[in-house]
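*Asks:* Take this sequence and fold it.
(one chain, ligands or ions: 1)
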Amino acid sequence: MRIVVTGAAGFLGSHLVDRLLGEGHEVVGVDSLITGSPVNLAHLRENRRFHFIQADVTRYIGVNGAVDRVFHMASPASPKDFPRYPVHICKVGALGTLNALGLSKAKGARMLLASTSEVYGDPQVHPQVEGYWGHVNPIGERSMYDEAKRFAEALTMSYHHQNHVDTRIVRIFNTYGPRMRLDDGRVLPNFMRSALRDEPIAIYGDGSQTRSFCYVDDLVDGLVRLMESGVDEPVNIGNPEEVTILEFAREIVEIIGSRSRIVNEPLPKDDPVRRRPDITRARTLLGWEPRVGRREGLTRTWEDFRRRILAEDAKPAR
Ligand code: UDP
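*Replies:* Prediction:
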C-alpha cells in the first residue's frame, strides 16, 4: 500500500514508519519538524520506498498520487510543549485533523487519528474504558492538547458519518522507548537523564500518582492492527500495568544502577492522579495486547538513552 504518516519524524511516527516499511509498503512521511527530528528518519535516507515532505499539517497536506492509508500522528504531545505551543497545538488538533481528513476523503483513503488518553482528563472512572466521557478542565494548563484531541475525535466521527470517510480512532496511553526526545520533559527522559548523572531524580508531588507505560513496539503493533480492523469506534491502546511514579523512579534507579536520590518537587496543575487503560476492546476486537514487560522495555530504552545522553554530554559547550 501507499501510506501517509503525519508526524513521521516524531517518536511514535518514526517507529510506525519503520514498521510499515518493514512490511513492504511505500510510505510518505510528513512532518513540520517543530517537535519531530530528522535524526529519527536519518537511517531511511537510502530507502526508495520512503519519501519525506516537510510541511505543517495546519496549512495543507499535499501528496501526489494514490494514497491507501493515512496515519495522522502529528502533534506536539509532551507537557513541556503545552505552554510553549498552545495555539499551535489547538490548530494541529483542529486544522491539521481537518486537512488529514480532507486528504483521506480526496484520495479515498482510510484514516487513523492518533488520539490520546488525555481525552479522559483527570479521570473519575478507573481504569479508563472507551465509553467514559472524561473529566477535562476546558481552560486548564493541558486544555489545548486535551480539547484539541477531543475536537479531533468529533471531527473524525463527523467525516465518518457525513462524508463516509473510513476512519479509526486510537486513544494512546503513556508510551516509551528509544528515540523519545531527551529534553521533552516527560517522566522517563527526565528520570533517565538524572539517573545517568547520579543527580537527584525529581518526583512531582509525592509520587503516588500512577501511569501505565507501554513499550513503543507494542503500541505500533496496536496501531497497525486497528488500522486494518473494521473497528470505527475509539480503541484504547496502552499497557494496563499500572505503577506509581515513585515506584517507577525506583525501578529506573535500580535498572541503571544509579546513585541518584529521589527528591520531591511541586506537582503541576491538572496532573492526572491515576491513569490505566481498560484494553478489553483491543483484546477482543483486535486480538492485541502488550508483550514487552517494563523491565525489558526499560532496559532496551536505557541502551538508546545512555548512548544519546553521553553523546550530548561529549559535545563542546557553546
Ligand atoms: N513527573 C515527575 N517528574 C518528572 C516528570 C514527570 O514526577 O521529572 C510526573 C508527572 O507529574 C506525571 C507523571 O510523572 O504525574 C507522568 O508525566 P509525563 O509528563 O511523562 O506524562 P503525562 O503526565 O502526560 O502522563
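*Asks:* And the strands in the stretch 1-150 of the chain?
*Replies:* Counting by DSSP state E, counting those that start in this stretch, the segments of the stretch 1-150 of the chain that form strands are 2-6, 26-31, 50-54, 69-72, 110-116.
*Asks:* average pLDDT for stretch 43-52?
*Replies:* Along stretch 43-52, the predicted local confidence has a mean pLDDT of 97.
*Asks:* Kindly report the residues of the stretch 151-300 of the chain close to the ligand.
*Replies:* Residues of the stretch 151-300 of the chain lying close to the ligand by CB under 6 Å from any ligand atom are 174, 186-187, 190, 202-204, 209, 211, 245, 267-268, 271. Yep, even glycine has a C-beta here, placed from its N, CA and C like the rest.
*Asks:* Buried subset of those residues, written for ChimeraX?
*Replies:* Buried members of those, identified by 16 or more other CB atoms under 10 Å, are gathered into one ChimeraX selection as follows:
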select :174,186,187,190,202,203,204,209,211,245
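*Asks:* Show me which pair in the residues of the stretch 151-300 of the chain next to the ligand is furthest apart.
*Replies:* Of all pairs drawn from those, the one with the longest distance (CB to CB) is Asn174 and Ala202, at 17.8 Å.
*Asks:* hang on, the earlier thing: take the residues of the stretch 151-300 of the chain next to the ligand and keep only those in strands.
*Replies:* Filtering those for membership in strands, criterion DSSP state E, returns Ala202, Ile203, Tyr204, Arg211.
*Asks:* now those in CSV, with distance to Met1?
*Replies:* Conversion of these to CSV gives the following (distance: CB to CB, whole Å):
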residue, distance to Met1
Ala202, 44
Ile203, 44
Tyr204, 42
Arg211, 34
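*Asks:* is it possible to export these to JSON lines including pLDDT and distance to Glu289?
*Replies:* Rendered in JSON lines, the data for those read as follows (pLDDT from 0 to 100; distance: CB to CB, whole Å):
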{"residue": "Ala202", "pLDDT": "97", "distance to Glu289": "33"}
{"residue": "Ile203", "pLDDT": "97", "distance to Glu289": "29"}
{"residue": "Tyr204", "pLDDT": "97", "distance to Glu289": "30"}
{"residue": "Arg211", "pLDDT": "95", "distance to Glu289": "18"}
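*Asks:* Tell me the one among those nearest to Leu95.
*Replies:* Leu95 has its nearest neighbour among these in Arg211, at 29.8 Å by CB to CB.
*Asks:* what's the most buried one of the strands of the stretch 1-150 of the chain?
*Replies:* Taking mean count of other CB atoms under 10 Å as the contact definition, the stretch among those with the greatest mean neighbour count is strand 69-72, which reaches a mean of 28.
*Asks:* in the stretch 201-318 of the chain, what residue is nearest the ligand?
*Replies:* Ranking the residues of the stretch 201-318 of the chain by distance to the ligand (CB to the nearest ligand atom) places Tyr204 first, at 3.5 Å.
*Asks:* Contacts for stretch 64-75 next, please.
*Replies:* Stretch 64-75 has contacts (CB atoms under 8 Å, 6 or more residues apart in numbering) with 1-8, 10, 12-13, 16, 28, 30-32, 57, 89, 92-93, 96-97, 100, 103-104, 107, 109-114, 145, 148-149, 223, 227.
*Asks:* what about the stretch 201-318 of the chain, any weak spots by pLDDT?
*Replies:* Screening the stretch 201-318 of the chain residue by residue with the criterion pLDDT under 70, one finds the ranges 317-318.
*Asks:* Kindly recompute the last result at 80.
*Replies:* Within the stretch 201-318 of the chain, the ranges that satisfy pLDDT under 80 run 316-318.
*Asks:* can you map out the helices along it?
*Replies:* Counting by DSSP state H, counting those that start in this stretch, residue ranges of the helices within the stretch 201-318 of the chain are 216-227, 245-256, 280-281, 294-314.
*Asks:* Just want the residue of the stretch 1-150 of the chain that's nearest the ligand.
*Replies:* Residue nearest to the ligand within the stretch 1-150 of the chain (CB to the nearest ligand atom): Pro79, separated by 4.4 Å.
*Asks:* Touching, that residue and Asn190? I think so.
*Replies:* No - the pair Pro79 / Asn190 is not scored as a contact, 10.7 Å apart, by CB atoms under 8 Å.
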